[in-house]
Each structure stands twice: as C-alpha cells, then as structure tokens.
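fold the stuff below for me.
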Amino acid sequence: MVVADSTRADALGSIRFPVDELRGEFRSILVAPRAELCDAAGPVLFLGEWCIPVCQEASGLRYAILPNPWDDRERIAQAEAYCWDFCQRLFPGLAEHLNSLHGTNHSHRYWQVFLGSWLMHAVHVLYDRHLLLKNAQEIAQDGVVVVPHNARLKPPPDVLQAHNDSFDDQWNLACFAWLSELLGQPAHRVALDFTGRRQARESLWKIRLDRLRKSRFSDLPRSIEKTLGQIIFRRAAGDGQVLLAATYHHLPRDWAMMRLRTRGVVAVANIPWIPPSDVQEDHRRRHGLSTIRWESVKAENDFESRFVQLIASLLPQCFHETYEAVCAESRARYGEQPKHCVVDGNFMLGFNLPLLEYVARCTEAERSLWVVQNGGGYGYFRTRSEERLMVEMADGFLSWGWHEERANRNVVPLPSPLLSRVRDRHKGGRRIVLTEGVLPRYTYRLISCPIGSQFAVHREGSVRYVQALPPALRGELVYKRYDADYGWGPLPEPLARLPHEWPGIPYRASEWNRHARLAVVTYPDTTLIEALALNVPTIGFWNPDLWELRAGSEPYFDGLLRAGIVHHDAGSAAAKTAEVYDVARQWWATPAVQQARTAFLDRFGLASPNWRQDWCRFLAKLAGLADG
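Numbering: from 1, shown residues only. I've put the predicted structure just below:
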C-alpha cells in the first residue's frame, strides 16, 4: 500500500498522516475496526486499511497506517518458502504427539495428508500477524495494543472454521492479544461486545455449508440426493481399486464415470461432514502440545518459539477432541479397504474431513494419490502455496494443461471437467458483466495476489473502470460481486450503484458471462479462464505488480495483452470496452484474438468435448495398475 505523501482529513475531522510524521508519538495500536478500541487522546497506528471505518464513528482522530510488509513483493516468495520449511520441521513432533494421544501409529505422511492444509494455513496466518505486530512495535515503541479484556483463542471445531476465523475481527483481536503478551508489548484491555459478530460468523458458516451441499447434485430433489449419496457411500466402502472424489464430476449426468466401477473405479460425491457441536476443550491433554520436544524448532527464532507456544490454542478439535468421530465417519463412508485416490484439490484443503482421513489412510497403505486442479492461478502465479502443498504431497497432480519438467513434479495435463462443460457455450446478450473477486482484509495465505491492505488499491481499479466508461455503456453494466465482503464494509459508490442481481440467471459468474455481450474480469484467476473457455468476448484488467507471474507463463499472458484481451490499466480496459461493444462478436472472432485465447487455454484452461473419454482412460489405467 502506498501511503499518502501529505496529510488527509475526512468529513468527521480525522486526519491521516504519513507514518514517519508521527513516528515516536503513537499512543496506541489499533488492530481491528472497532471504535471502542480507539484512544482519541493521541495518535493511533492502524495495522491496515481495514481499520479506517472507525473514523466514521470516532471523530478527530490523528492516525497513520502501518506500511504493508507485503509491498515488498519479493518477500512473499521468501516467506512462503520459509513457512513451508517450518511446516516440514513441525511434522515429526506433531505426528509423534498425536499418535501418542490417540493410541495410533500412523506415519508422518498420514498426518501430512490429513492436517497439512491446516498447518500451512496456521503458519501463514501467524507469520503475518507476528510480522505486523513486530513492525508496529518498531514504529510505535511507546504505543499500547488495544484489545478486548476477554480475548481468548479457542480451538475451532474443524479446518473450515479455522479458515473462517482467520478472516474475523474477534479471532484476530484474540490472536494479536496473545502475541502482544508473548512479545512483551504493552496492552490495554477494554470491554467489547461481540454478540452480533458471533452471529454473523455463524451465518457465514451456514452459508458455506449450504454451498457445499449445493455442490453435490444441485438439480436433484433433496430426498433423491440423500438416497443416492448413501448408495454411493456403500459402494465406496466395497470393492474397487480407485476412488474418484472430484466436485466437478456431476455424477447423475456423467454415467460414463459410474460405469467405470465395473473396471475398478468408485466415484463418490461431496457430502459435507458437520462436526459435533458443543465439544468441551480438553485443557489437560492440550497442554501436552506445549510440552512437545520440537527438536527442529529454532528457539532463537521469535516467530517459531511463539508459534509452538500457541499451537495448543490453534489446533482444531477434529485433530484432537473429535478425532475419533472423524475416523468413525470416515470408515462408515469409505470402509477399510485402501484404494488409489483421485481427489479434487478442494478436498485436500480439509473441507471434507472424513474423506481426507480416508485418503490419508490410503497413502499410508502405499496407494497412490492424484490431486485434481480445483481453480485458476495454478501453473502461472509466481507463488501459490496451495499448489506447492498439493504437488509436493501427492504422487501426481492433474492440471488444466500446464506441466513442469522439474524432478519430483509429476504434473499431468488432463482436460478440466469444469471448463469442458462450459466450452463454447456463450449465448450473448446486451449486458456487460463486471466480475470482481474479494480478498480478506487479514492475510490468510502467502500467494502472489493483493495481500491485506493491497486489496483496497486493487478495488480502486474497478472504480476507475466504471467511471471511465461512457454513460450509455455504464447503463449496461451488472456487477457480479463475491458471496462475502470479508468485512470491507460498504462498496465504493460507483460500484454500489450498479445492479447486483440478474433475475432469471443463476448466481454464478459462468452463467452471467454466458448471457453477456462482454465479460469484464478484474483478476487473473478461475473466472477469467472460465470466460475464455465459454468463448464470451472478454476484457481483463489488473495491476501486474500485485499479481506476479512465474517464469515461463508470461508469453501466454503477453499474447492476451497484445490481442487487447488483457489490460494493465482500468482506463485502457474501459476504452477497449467502448471500442468493441457494438462489434463484440466480430472483434472476438478475429484471428489474433482467437489465437491468443486458444494458446492460453491450451496451457492453463484445457477443455475438450471428449473429456470423459480422456478421464476414463486415465482412471482405467490407474485401476489396471492397481491390479498389477
């Protein structure tokens, strides 16, 4: 985030200063946007842009914003590599402790597969919070961290809730409170009511569960869906050499996949597991996590020593108190017989724990694990931590077209079922669909995208795009917003005025773009690839300094840039929109545009009308290897 060179005042008289003008004067450090935490008597250091909304409730503040450490973009790759190494050094001690706790003798690989995603997430989150607080200490040496008096880190029930918590003000306040205590930073504790925030968190939890449920058999009545799911689970627990678990295989429509069962392949649906409620935290047994002999942890490293001190409060209950319940559900669904596993990347992130526990058991039994790419960014983001997790953990990775020649990187291109279903299905219309992704205020993963306060800069591009469009075209815009705003608050006025609904069209970006004249995408991720696969006239724009590409992928994006599909400036994208709106299909059909589109998709968005046959051949071969 680029800090303003001069002071700025808002309508309520609060004044933002460059941080150096107030260095040494700060009285307090604000870590979350709650006015009750503000000390109006002296300058306040905000940890990020997300704190600015307090200025609407507390007038007359003098404040500065902590420079975002991730503005040094080289630091992202370095920190991600360090965090990966730290995770690998934590596994032996963690695996030994959990085996002793549960009376098991699972291998390190079992625990890496089962809880690797959570551990990576926890390390990334704590690394960021620790770094922010250390930097704040250096700038506001006499400042105190203002936190709730009852702030406490409580172990989440499962991995999904752990992810959800890391976006939330209450959890982050508790995290900063504990870190400030461990770092010896003075803290001022105040009363704070989180009742409303807790309800909001529970609502988001329900929204996410509903989304998972809808990802099963969205076009079947609920009773039929439940019955079919139970049948599939019984089959999964029976014979077969290969288990296929991929959210992009809609089983009722893809009977070719089901018929593969006679050749040793069992396909299962994504039916989420809801963790037991109101499970009491086992304080005595959790204390053992703090006494593990972390032989490879560097005691002189501030972050590493703080992390192991907090791990007892971070480890989800699904690995501790309710581990036996997860294992029982896993065996009831999938049985004891190990199989080779072909698993969607979403499952490897820990969002279906019984399935992940079964996959961990299969890998422990020396069955192979193949992970299926679950979205965009893989193969071309300079740093993508989930890609490292999945590629390094699995025996093979099924990509959307890209591959790598490096040793021990078994990346195999295979047509994406998701993209193959939407391939060349554009219908057209009058609307311009502006799709904007939303990233959390608080860092949750080290990746080559806007991090923390940088999202505010990224969103300014969408505002500039709307403002630069001719008024007549502005009237054709519809705004496809993300399901959650992650606490950023009200939309900027130019975006808030746009229609956010499209009656009669399912609320999915691919469906909106299918009925659009132009698809406008503000980030180089899944939605961009889907739009290109749909063959809808597409315009993308983003700041390349916030979405770095890895070596080898630039030529494919440069091709899109030369064809006028991708732009690095919102004004340029708006000008292109105005230029081609009336002749969108003709422009899109030109050889230069189609060649750039095809080259990109062949590398990063592979789709095929024969994708079922390609997948059947791959799965049958894997089943045949199992027989041998």
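
where in this structure is pLDDT low?
Applying pLDDT under 70 to the chain flags the ranges 1-13, 39-41, 56-58, 194-239, 247-263, 405-409, 625-628.

hey, where'd the strands end up in the stretch 251-400 of the chain?
Counting by DSSP state E, counting those that start in this stretch, the stretch 251-400 of the chain forms strands over residues 265-267, 340-344, 369-372, 396-399, given from the N-terminal end onward.

redo those strands as TSV? Include mean neighbour count and distance to residue 458.
Where you see a C-beta, it was placed from the backbone N, CA and C, and this is true even at glycine. What follows is the strands of the stretch 251-400 of the chain, written out as TSV (neighbours: other C-beta atoms under 10 Å; distance: least, C-beta to C-beta, whole Å):
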stretch	mean neighbour count	distance to residue 458
strand 265-267	24	39
strand 340-344	26	28
strand 369-372	24	29
strand 396-399	23	26
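
how many other residues sit next to residue 171?
The burial count assigned to residue 171 is 23, neighbours taken as other C-beta atoms under 10 Å.

I meant residue 285, not that one.
If we define neighbours as other C-beta under 10 Å, then residue 285 has 12 of them.

give the contact list for the residue lying closest to it once chain neighbours are set aside.
Nearest in space to residue 285, with sequence neighbours left out and distances taken as C-beta to C-beta, 6 or more residues apart in numbering, is residue 101 at 6.4 Å. Shown here is residue 101, whose contacts under the criterion C-beta atoms under 8 Å, 6 or more residues apart in numbering are 285, 288, 320.

ok, so of those, who is nearest residue 97?
Within the set of the contacts of residue 101, residue 288 lies nearest residue 97; the separation is 6.5 Å, counting by C-beta to C-beta.

so the closest one is in contact with residue 96, correct?
No: the pair formed by residue 288 and residue 96 falls short of the contact definition of C-beta atoms under 8 Å, at 11.1 Å.

hey, what's in contact with both of these two?
Residues touching both residue 288 and residue 96 by C-beta under 8 Å, 6+ apart: none at all.

what's the burial count for the closest residue in space to residue 169 that isn't next to it in sequence?
On the basis of C-beta to C-beta, 6+ apart, the spatially nearest residue to residue 169 that is not a chain neighbour turns out to be residue 32, at 4.3 Å. Other residues near residue 32 come to 25 when the count uses other C-beta under 10 Å.

what sits against residue 32?
Going by C-beta under 8 Å, 6+ apart, residue 32 touches 50, 51, 169, 172, 173, 176.

thought the first one was touching residue 454?
No: between residue 50 and residue 454 no contact is recorded; they are 11.4 Å apart, counting by C-beta under 8 Å.

what are the phi and psi angles of residue 270?
According to degrees, to the nearest 10, the main-chain angles of residue 270 amount to phi -90, psi 90.

now swap in residue 428 and tell me
The phi and psi values for residue 428, taken as degrees, to the nearest 10, are phi 100, psi 170.

what's the distance between it and residue 534?
When distance is defined by C-beta to C-beta, to the nearest Å, residue 428 is 11 Å away from residue 534.

with neighbour numbers in mind, choose between these two.
For residue 428 versus residue 534, the count of surrounding residues by other C-beta under 10 Å is larger for residue 534: 24 against 14.

now for residue 350, how many residues are close by?
Applying other C-beta under 10 Å, we find 25 other residues in the vicinity of residue 350.

nearest residue to it other than its sequence neighbours?
Take residue 350 and drop its neighbours on the chain: the residue closest to it by C-beta to C-beta, 6+ apart is residue 159, 3.3 Å away.

cool, residue 175 as well?
Taking C-beta to C-beta, 6+ apart, and ignoring the residues beside it in sequence, residue 175 has residue 129 as its nearest neighbour in space, at 5.4 Å.

spatially nearest residue to residue 584 (excluding sequence neighbours)?
Residue nearest to residue 584 in three dimensions, not counting chain neighbours: residue 537, with 4.2 Å by C-beta to C-beta, 6+ apart.

so who does the one you found touch?
By C-beta under 8 Å, 6+ apart, the contact list for residue 537 reads 517, 518, 519, 580, 584, 585, 587, 588.

picking up where we left off before, would you confirm that the residue nearest to residue 175 contacts residue 174?
No: applying C-beta under 8 Å as the test, residue 129 and residue 174 come out as separate, 10.6 Å apart.

and which of the contacts of residue 32 is nearest residue 292?
Distance to residue 292 across those (C-beta to C-beta) is lowest for residue 176, with 24.6 Å.

the closest one: what secondary structure?
Local secondary structure at residue 176 is given as helix here, using DSSP: H, G, I helix; E, B strand; the rest coil.

for the closest residue in space to it that isn't next to it in sequence, give me its contacts.
Using C-beta to C-beta, 6+ apart and skipping residues adjacent in sequence, the residue nearest residue 176 is residue 31, 4.5 Å away. Residue 31 makes contact with 37, 47, 51, 132, 145, 146, 147, 172, 173, 176, according to C-beta under 8 Å, 6+ apart.

contacting residues around the third one?
Under the criterion of C-beta under 8 Å, 6+ apart, the contact list for residue 51 reads 30, 31, 32, 33, 65.

how much space between it and residue 33?
Applying C-beta to C-beta, the value for residue 51 to residue 33 is 5 Å.

which strands and helices sit next to the longest helix belonging to the chain?
Taking DSSP state H as the criterion, the chain has its longest helix at helix 108-139. With contacts defined as 3 or more C-beta pairs under 8 Å, 6 or more residues apart in numbering; DSSP states H and E, the packing partners of helix 108-139 are helix 74-102, helix 159-165, helix 169-182, helix 302-314, helix 353-364, helix 385-393.

mind putting those into JSON lines with distance to residue 562?
What follows is the helices and strands packed on helix 108-139, written out as JSON lines (distance: least, C-beta to C-beta, whole Å):
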{"stretch": "helix 74-102", "distance to residue 562": "27"}
{"stretch": "helix 159-165", "distance to residue 562": "38"}
{"stretch": "helix 169-182", "distance to residue 562": "43"}
{"stretch": "helix 302-314", "distance to residue 562": "44"}
{"stretch": "helix 353-364", "distance to residue 562": "43"}
{"stretch": "helix 385-393", "distance to residue 562": "27"}
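
of all these, which one is nearest residue 333?
Shortest distance between residue 333 and the helices and strands packed on helix 108-139, using C-beta to C-beta, is found for helix 353-364: 5.4 Å.

wait, what's in contact with the closest residue to residue 368 other than its chain neighbours?
For residue 368, the nearest residue in space outside its immediate sequence neighbours is residue 395; the separation is 4.3 Å by C-beta to C-beta, 6+ apart. Residues near residue 395 by C-beta under 8 Å, 6+ apart: 368, 369, 370, 410.

quick check, the second one in contact with residue 341.
Yes: checked against C-beta under 8 Å, the pair residue 369 and residue 341 is within contact range at 5.1 Å.

quick check: neighbours shared by the two?
Residues touching both residue 369 and residue 341 by C-beta under 8 Å, 6+ apart: 359, 362, 363.
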